[in-house]
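Enquirer: sharing a model that was predicted from the sequence below.
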Amino acid sequence: MTKRTQLALATALVAALALGASGCSDPAKAPAASGGVNPAAANDGKVLGGTPVKGGTLTVLSNQDFAHLDPARNWVMPAMDFGTRLLYRTLVTFKAEPGKAGSELVPDLATDLGTPSDGGKTWTFTLKEGVKYEDGTPIRAQDIKYNVERSFAPDLTGGPDYAAQYLARTEGYKGPLQGQHLDSIKTPDDRTIVFELKRPVAEFSATATLPTFAPVPQSQEKGTQYDARPFSSGPYRIDSYDRDKKLVLVRNEHWDPKTDTVRKAYPDRFVVVMGLKGGQIDDRIIAGEGADASTVQYADMRPESAPKVLPKPDVKARLLAESQGCTEMLHLNNSRAPFDDPKVREAMQYAVDKEAVITAGGGPALNEVATAYLPPALSGGKQADTLKIPAAGDPAKAKELLKAAGKDKLKVSLAVSTGDKGKAEALQQGLARAGVEVVVDTIDPGAYYDVIGDLSTTPDMTLSGWCPDYPSGSTWIPFVFDGRTIKEKGNQGNNSQFRDEATMKRIDEINAMADAGQANRAWIDLDAEIMKKSPSVPLLLERKPLLVGPNVAGAHGHPVWTGSIDYATVGLKDPSKSQG
């Protein structure tokens with residue numbers, strides 16, 4: 001059998017496990033009597049393994065290196081979780097709890113959630129006393145200002161754009177590496193930092209959870225090389241880092257738990273082993289023998305591993321598979337032919353076979369069809385279905401639209417991360433039904449966002465998801481569909497390069513709304529309008545399946561970091577059994 005056939009057989013079993021005879025398109029809601037309870041949801045909202053014991057080595061098995069650990073560049077959800085829980089602290093953070101409680105904001109380096117003034121256009125934070133770096137020197141407000149300024153540097157690509165969107169008087173600013181500083185961030189003393197914004201931002205406390213708002217002392221500046229050795233303000237520091245191979249963290253002896261209500265820092269060491277094959281990682285943790293009993297996985301469990309896990313109660317008890325709260329999309333490059341033509345883009349909405357992509361992604365136990373851009377968490381718990389296209393697509397309608405656009409045959413390129421090859425093949429086969437030939441290019445996961453974020457190397461189509469940085473439509477639509485956010489290098493959310501004047505005008509109008517409820521309804525309405533223009537095709541709403549070893553305790557999927565394991569609380573049942 002070919003690999004594709006093996007995958008189809010494996011995921012067909014997952015589908016049967018998830019749905020039984022119900023045929024329900026939402027397995028999490030299928031009735032138990034029909035065998036439709038989703039087995040992947042068994043541990044939703046739970047903490048696995050009890051309370052950890054302090055000590056030992058927790059090993060993280062990964063198929064990839066981190067895209068970035070530099071806090072000015074870190075904007076991939078699992079890497080943000082890892083960085084902000086272990087290596088650096090931010091002004092504000094989220095509680096270390098599963099479920100809804102994990103979305104609650106709590107002070108981190110700051111004494112509170114910030115004080116707004118001037119109608120929400122100015123925000124002031126005061127740092128706690130006694131917070132220190134790994135060398136024992138005090139963390140200063142000026143260091144947070146410096147890292148926010150670094151996020152503007154053209155060479156330090158990839159990080160969150162909130163500072164550029166929110167801060168006043170930033171036009172033309174290129175970062176602090178040449179000695180220029182922003183006057184919209186003031187530090188009247190070592191413990192006070194004041195942000196002056198171009199408009200009121202009621203949610204700025206939540207914005208201050210991002211790695212952009214972690215401290216970097218100017219004396220430690222190494223430009224792009226800072227990625228390999230961030231200077232620790234968190235409970236761990238880097239002992240060694242061999243890129244693409246191994247990262248070792250040891251305790252930061254100057255981190256004071258009295259100043260930190262969130263991070264428990266149970267293990268003595270974290271060891272991240274990189275470059276492993278996904279299936280190999282799954283098999284090792286499923287077996288859970290020897291040193292592998294004390295491991296967790298960084299990237300998602302492979303779809304073809306689900307039949308080894310879901311039917312086995314002892315292994316399923318070690319599976320976290322929280323809903324990610326994200327939408328995965330097929331982005332169409334609107335900046336050039338053929339996708340500069342709205343009719344061609346509309347045809348793609350009908351041409352895609354989302355059911356096949358679901359199967360390739362692990363079946364309905366781990367995915368459901370996306371019918372809009374905004375995820376359900378931002379649209380009242382359920383996505384809209386503006387276009388009402390069958391989940392398997394409508395190739396006849398797609399052909400009709402392509403013919404009307406004068407494009408009976410198309411040949412286009414698609415870039416995906418190596419782990420998404422199965423989804424790429426499902427897209428390729430589905431689009432072929434409508435006469436669209438797809439050439440697939442797979443890219444190493446650690447380099448994927450850098451490649452697709454460089455406009456000189458962006459292909460016709462890319463596959464990626466977008467997740468809210470906190471529960472607000474303002475963290476979603478403006479980053480994915482505002483043409484003003486597009487960058488030549490380090491382009492992030494707007495991978496479709498969608499530039500639409502009406503959309504940008506409406507984004508500004510919604511951002512100016514003082515009533516959060518009114519703004520939320522407006523984001524949902526704008527989502528429907530953008531769907532009609534089809535810059536991207538929404539594909540999937542995913543769970544994040546992650547296995548942990550039998551000696552792991554305190555593991556839960558965090559609701560903000562898309563179900564990634566919260567490194568603030570994870571540890572070991574018996575540290576003496578760990579190795580490394």
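Expert: On my side now, so go ahead.
Enquirer: dihedrals phi and psi, the residue most central in space within the chain?
Expert: By CA atoms, centre = their mean, the chain has its centre lying nearest to residue 77, at 3.1 Å. Dihedral angles of residue 77 (phi, psi; degrees, to the nearest 10) stand at phi -50, psi -50.
Enquirer: residue 194 too?
Expert: phi -120, psi 130.
Enquirer: got the contact list for the closest residue to it other than its chain neighbours?
Expert: Among residues not flanking residue 194 along the chain, residue 186 sits closest, at 4.3 Å (CB to CB, 6 or more residues apart in numbering). Heads up, the C-betas are built off the backbone N, CA and C, glycines and all. Taking CB atoms under 8 Å, 6 or more residues apart in numbering as the criterion, residue 186 is in contact with 193-194, 196.
Enquirer: wait, is residue 186 part of a strand?
Expert: Yes - assigned with DSSP: H, G, I helix; E, B strand; the rest coil, residue 186 falls within a strand.
Enquirer: what sits against residue 558?
Expert: Residues near residue 558 by CB under 8 Å, 6+ apart: 81, 94, 96, 98, 102, 322, 564-566.
Enquirer: run the last query once more with 6 Å
Expert: 102, 564, 566 (CB atoms under 6 Å, 6 or more residues apart in numbering).
Enquirer: is it possible to get a markdown table of those residues that adds pLDDT and neighbour count?
Expert: Shown next, in a markdown table, are the contacts of residue 558 (pLDDT from 0 to 100; neighbours: other CB atoms under 10 Å):
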| residue | pLDDT | neighbour count |
| --- | --- | --- |
| 102 | 95 | 19 |
| 564 | 97 | 24 |
| 566 | 98 | 27 |
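Enquirer: looking at the residues you listed, which is nearest residue 382?
Expert: Using CB to CB, residue 102 comes nearest to residue 382 of those, at 21.7 Å.
Enquirer: wait, doesn't the closest one sit right on residue 561?
Expert: No - with contact defined as CB atoms under 6 Å, residue 102 does not reach residue 561; the gap is 8.9 Å.
Enquirer: any common contacting residues for the two?
Expert: Common neighbours of residue 102 and residue 561 (CB under 6 Å, 6+ apart) do not exist.
Enquirer: poorly predicted segments of the stretch 201-350 of the chain, please.
Expert: Low-confidence segments of the stretch 201-350 of the chain, defined by pLDDT under 70, are absent.
Enquirer: quickly find the element holding the nearest residue to residue 206 once chain neighbours are set aside.
Expert: Leaving aside its sequence neighbours, residue 206 sits nearest to residue 470 (CB to CB, 6+ apart; 3.9 Å). Under the criterion DSSP states H and E, no helix or strand holds residue 470.
Enquirer: swap in residue 80?
Expert: helix 77-82.
Enquirer: hmm, which helix or strand of this protein has the shakiest average pLDDT?
Expert: One helix or strand of the chain scores below all others by mean pLDDT, DSSP states H and E: helix 3-19, with a mean of 35.
Enquirer: between the contacts of residue 186, which is closest to residue 182?
Expert: Nearest member of those to residue 182, counting by CB to CB, is residue 196, at 9.1 Å.
Enquirer: burial count for that closest one?
Expert: Using other CB atoms under 10 Å, residue 196 has 17 other residues around it.
Enquirer: now stretch 45-55: buried residues?
Expert: 47-49, 52-53 (16 or more other CB atoms under 10 Å).
Enquirer: of those residues, which belong to helices?
Expert: Among these, no member is found in helices (DSSP state H).
Enquirer: out of those residues, which is nearest to residue 293?
Expert: residue 49 (11.0 Å).
Enquirer: residue contacts, the closest one?
Expert: Per CB under 6 Å, 6+ apart, neighbours of residue 49: 552-553, 555, 573.
Enquirer: farthest pair within those?
Expert: 555 and 573 (10.7 Å).
Enquirer: so the two - more neighbours on which side?
Expert: residue 555 (26 against 20).
Enquirer: strands along the stretch 251-400 of the chain, start to end?
Expert: When assigned using DSSP state E, counting those that start in this stretch, the strands of the stretch 251-400 of the chain occupy the ranges 269-273, 295-297, 319-323, 327-332, 367-369.
Enquirer: strand partners of the longest one, parallel vs antiparallel please.
Expert: Just to be clear, that refers to strand 327-332. strand 461-466 (antiparallel), strand 536-547 (antiparallel) (DSSP bridges).
Enquirer: need those strands in TSV (columns: distance to residue 392 and mean pLDDT).
Expert: Below are the strands paired with strand 327-332 laid out as TSV (distance: least, CB to CB, whole Å; pLDDT from 0 to 100):
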stretch	distance to residue 392	mean pLDDT
strand 461-466	19	96
strand 536-547	13	96
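Enquirer: go through these and name the closest to residue 378.
Expert: Per CB to CB, nearest to residue 378 of the strands paired with strand 327-332: strand 461-466, 10.7 Å.
Enquirer: could you point out which element follows that closest one?
Expert: Next along the chain from strand 461-466, counting by DSSP H and E, comes helix 477-481.
Enquirer: for that next one, output the C-alpha coordinates as PDB.
Expert: What follows is helix 477-481, C-alpha atoms only, in PDB (Å, rounded to 0.1, in the frame of the first residue of the first chain):
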ATOM      1  CA  ILE A 477      -9.500  40.000  11.300                       C
ATOM      2  CA  PRO A 478      -7.100  43.000  11.400                       C
ATOM      3  CA  PHE A 479      -4.100  40.700  11.300                       C
ATOM      4  CA  VAL A 480      -5.400  38.300   8.700                       C
ATOM      5  CA  PHE A 481      -7.100  40.600   6.300                       C
END
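Enquirer: other SSEs contacting that helix?
Expert: On a contact count with 3 or more CB pairs under 6 Å, 6 or more residues apart in numbering; DSSP states H and E, helix 477-481 meets no helix or strand.
Enquirer: C-terminal to that helix, what's the next element?
Expert: Next element after helix 477-481 (DSSP H and E): helix 501-511.
Enquirer: quick revisit: closest one to residue 414 out of the contacts of residue 49, please.
Expert: After measuring the contacts of residue 49 against residue 414 - CB to CB - the closest member comes out as residue 555, at 34.5 Å.
Enquirer: all strands for the stretch 101-250 of the chain, in order.
Expert: Counting by DSSP E, counting those that start in this stretch, the strands of the stretch 101-250 of the chain are 105-107, 115-117, 122-126, 185-189, 192-196, 236-242, 246-251.
Enquirer: residue 424 falls within a strand, correct?
Expert: No - per three-state DSSP, residue 424 lies outside any strand segment and is helix.
Enquirer: list the contacts of it.
Expert: Applying CB under 6 Å, 6+ apart to residue 424 gives the contacts 414, 416, 440.
Enquirer: for residue 81, see how far away the closest residue to residue 298 other than its chain neighbours is.
Expert: Excluding its sequence neighbours, the residue lying closest to residue 298 (CB to CB, 6+ apart) is residue 62, at 3.8 Å. Plainly put, residue 62 is 13 Å away from residue 81 if you go by CB to CB, to the nearest Å.
Enquirer: how about the strands paired with strand 327-332 in CSV, adding distance to residue 110?
Expert: Output for the strands paired with strand 327-332, formatted as CSV (distance: least, CB to CB, whole Å):
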stretch, distance to residue 110
strand 461-466, 28
strand 536-547, 29
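Enquirer: so which of those strands comes closest to residue 242?
Expert: strand 536-547 (24.0 Å).
Enquirer: can I get the closest one in CSV, CA atoms only?
Expert: Coordinates of each C-alpha in strand 536-547 appear next as CSV, following Å, rounded to 0.1, in the frame of the first residue of the first chain:
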residue,chain,number,x,y,z
SER,A,536,-8.7,32.6,1.6
VAL,A,537,-10.7,29.3,1.9
PRO,A,538,-11.5,28.3,5.5
LEU,A,539,-10.8,24.6,5.9
LEU,A,540,-10.7,23.2,9.4
LEU,A,541,-11.3,23.8,13.1
GLU,A,542,-8.7,21.6,14.8
ARG,A,543,-8.1,19.9,18.1
LYS,A,544,-4.5,19.8,19.3
PRO,A,545,-3.6,16.2,20.1
LEU,A,546,-0.6,15.9,22.4
LEU,A,547,0.6,12.7,24.2
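Enquirer: having no further points to raise, I will conclude here.
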